[in-house]
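Participant: Okay, sequence plus prediction incoming.
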Amino acid sequence: MLLLLSASCWAWSHLSHGEVARYSRHLILGEVGVAGQEKLKNSRVLCVGAGGLGSPAMLYLAAAGVGTITVVDDDVVEVSNLQRQIIHSSGSVGVPKTQSASETLERVNPGCVVEQVRERLTLENAAELVAAHDVVVDGSDNFDTKFLVDDACVACGKPNVYAAILRFAGQVSVFNYPPGVGATYRDVLAAKPPPGAVPSCAEGGVLGVLCGVLGSIQATEVVKLLIGRPIGETLANRLLCYDALAMRFNEIPLVRGARPRVVVVNETEAAAAAAVLEEDAFAFETIGARDVASRLADGWTPYVLDVRMPQEAAICGLPFADGLCEHRSVATLASKLPRDRDVLVHCKTGFRSRLACKALAKLGFTRLYNMEGGILAWARDVDPRLPVY
């Protein structure tokens, strides 16, 4: 028997013909379908950071049909960003990252509304921004912001899709999901490590494509959260760790309130750095790059020790450097350093050289000078011909 139904019996899609064509590969997935695509269209996602992680995450979220993406970032595009921050291009150098990201996302999907917040996430604006969105993507690159994002998500009852990267490794999870029940960032790391104890990507480096892997996983988790069941399981209460060199994933279980302090950072290194930083601040002298140049011109002849990594020294260096030794290993070089002569120590930014000076001071060296700002300060204030990285 042929059953005829009137049009009023059908639950017609609220998607336009163009949207049906654009998202057709989603619509034929039973776990997504019309209802799931409409959820994406009506959703709001807050992305904190338009950098290495935020770039692939936002590109895939816009392509997937997320209705509104709000991007928070106060930085401008630099040449060094382009190796991994694929939402930006060479023509975007010097442009605010929020503007560059917005223009790219508009080209990817004109149906996605991009709201720009050209400022840092702060205690003053975090709660209001988080509360106005369904899900938060943490694409930040520092501990202060990561704790702030997570605390705001807990306070506002929002899921936090987290990731972090360094060198060849990364990790990703979904925090505070379900809200008030799922593990949070503070269940991974109870407190911020001392400043400089964990190198930033600028100091430690990062494999560019690593960002694509972790950022894409973040986007996947966001889509699953927005659509809801029956579309799989999330990374809630699981920390997924990725080793790009070994091409392996492994998981660490998380429990809210357990405070396990799992291996997010090298805690031995962090503790050692904290101990060094707490020692006598007057164990060495601090000197600026301009003052170093002036004193050298006047005949100063210190032993110049570069405490960066060999691969950094291969990029650029001070032509008058006498020795190269990573800051963690300066104690092994102590017997070869002069004790009757000034020792000028430098790195990229001045932090690792500070740690090296304090380590040498513990070994009895008294004529120590830390070049504040390191190679970057020398290139900025003394010799602009020096390449920066």
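Facilitator: Happy to help now that I have it.
Participant: Which parts of whichever strand or helix holds residue 218 count as buried, going by neighbours?
Facilitator: Per DSSP states H and E, residue 218 falls inside helix 208-227. Neighbour counts over helix 208-227 (16 or more other C-beta atoms under 10 Å) mark 210-227 as buried. For every residue, glycine as well, the C-beta is placed using N, CA and C.
Participant: Just to be sure, residue 148 is in a helix?
Facilitator: Yes: according to DSSP: H, G, I helix; E, B strand; the rest coil, residue 148 belongs to a helix.
Participant: For it, which non-adjacent residue is closest in space?
Facilitator: Spatial nearest neighbour of residue 148, chain neighbours left out: residue 126 (5.6 Å); criterion: C-beta to C-beta, 6 or more residues apart in numbering.
Participant: Please give me every residue in contact with the one you found.
Facilitator: 148, 149, 151, 152 (C-beta atoms under 8 Å, 6 or more residues apart in numbering).
Participant: Swap in 10 Å and give it another go.
Facilitator: 46, 48, 72, 120, 136, 145, 148-149, 151-153, 155-156 (C-beta atoms under 10 Å, 6 or more residues apart in numbering).
Participant: With only the CA atoms kept, save stretch 187-201 in PDB.
Facilitator: Extracted as PDB, the C-alpha positions of stretch 187-201 are listed here (Å, rounded to 0.1, in the frame of the first residue of the first chain):
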ATOM      1  CA  ASP A 187      43.900  18.000  38.100                       C
ATOM      2  CA  VAL A 188      46.700  17.800  35.700                       C
ATOM      3  CA  LEU A 189      48.900  20.600  37.100                       C
ATOM      4  CA  ALA A 190      48.200  21.700  40.600                       C
ATOM      5  CA  ALA A 191      50.200  25.000  40.400                       C
ATOM      6  CA  LYS A 192      52.100  27.000  37.900                       C
ATOM      7  CA  PRO A 193      55.800  26.100  37.600                       C
ATOM      8  CA  PRO A 194      58.300  28.900  38.300                       C
ATOM      9  CA  PRO A 195      58.700  31.400  35.400                       C
ATOM     10  CA  GLY A 196      61.200  29.900  32.900                       C
ATOM     11  CA  ALA A 197      61.300  26.500  34.400                       C
ATOM     12  CA  VAL A 198      59.500  25.100  31.300                       C
ATOM     13  CA  PRO A 199      60.800  26.500  28.000                       C
ATOM     14  CA  SER A 200      58.400  28.300  25.700                       C
ATOM     15  CA  CYS A 201      58.200  27.300  22.100                       C
END
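Participant: Could you list the low-pLDDT ranges of the stretch 201-350 of the chain?
Facilitator: Applying pLDDT under 70 to the stretch 201-350 of the chain flags residues 259-282.
Participant: can you pull out the helices in it?
Facilitator: Counting by DSSP state H, counting those that start in this stretch, the stretch 201-350 of the chain has helices at residues 201-204, 208-227, 267-277, 289-297, 310-313, 330-333.
Participant: one step back: by contact count, what packs against the helix holding residue 218?
Facilitator: Using 3 or more C-beta pairs under 10 Å, 6 or more residues apart in numbering; DSSP states H and E, the elements in contact with helix 208-227 are helix 33-41, strand 44-48, helix 54-64, strand 135-138, strand 160-166, strand 169-175, strand 238-243.
Participant: cutoff 8 Å now
Facilitator: helix 33-41, helix 54-64, strand 135-138, strand 160-166, strand 169-175, strand 238-243 (3 or more C-beta pairs under 8 Å, 6 or more residues apart in numbering; DSSP states H and E).
Participant: Just the pLDDT for the residue nearest to the spatial centre of the chain.
Facilitator: Geometric centre of the chain, nearest residue: residue 141, 2.6 Å, by C-alpha atoms, centre = their mean. Confidence at residue 141, expressed as pLDDT, is 92.
Participant: Return the residues in contact with it.
Facilitator: 49, 51, 52, 200, 201.
Participant: burial of the last one, as a residue count?
Facilitator: It stands for residue 201. Neighbours of residue 201 under the rule other C-beta atoms under 10 Å: 18.
Participant: my read: it touches residue 166, true?
Facilitator: Yes: using C-beta atoms under 8 Å, residue 201 makes contact with residue 166 at a distance of 6.3 Å.
Participant: Pull out the buried residues from the one helix or strand residue 355 maps to.
Facilitator: Element membership for residue 355, per DSSP H and E: helix 351-362. Neighbour counts over helix 351-362 (16+ other C-beta under 10 Å) mark 351, 352, 353, 354, 355, 356, 357, 358, 359, 360, 361 as buried.
Participant: ranges for the helices of the stretch 1-150 of the chain?
Facilitator: 17-22, 24-27, 33-41, 54-64, 97-108, 126-131, 143-156.
Participant: Restricting to C-alpha, output the longest one in CSV.
Facilitator: Okay, so that is helix 143-156. The C-alpha trace of helix 143-156 is given here as CSV (Å, rounded to 0.1, in the frame of the first residue of the first chain):
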residue,chain,number,x,y,z
PHE,A,143,50.5,28.8,32.1
ASP,A,144,48.8,32.0,33.4
THR,A,145,46.2,32.0,30.5
LYS,A,146,45.7,28.2,30.7
PHE,A,147,44.8,28.4,34.4
LEU,A,148,42.6,31.4,33.8
VAL,A,149,40.7,29.7,30.9
ASP,A,150,40.1,26.6,33.0
ASP,A,151,39.0,28.5,36.1
ALA,A,152,36.6,30.6,34.0
CYS,A,153,35.2,27.5,32.4
VAL,A,154,34.6,25.9,35.8
ALA,A,155,33.0,29.1,37.2
CYS,A,156,30.7,29.4,34.1
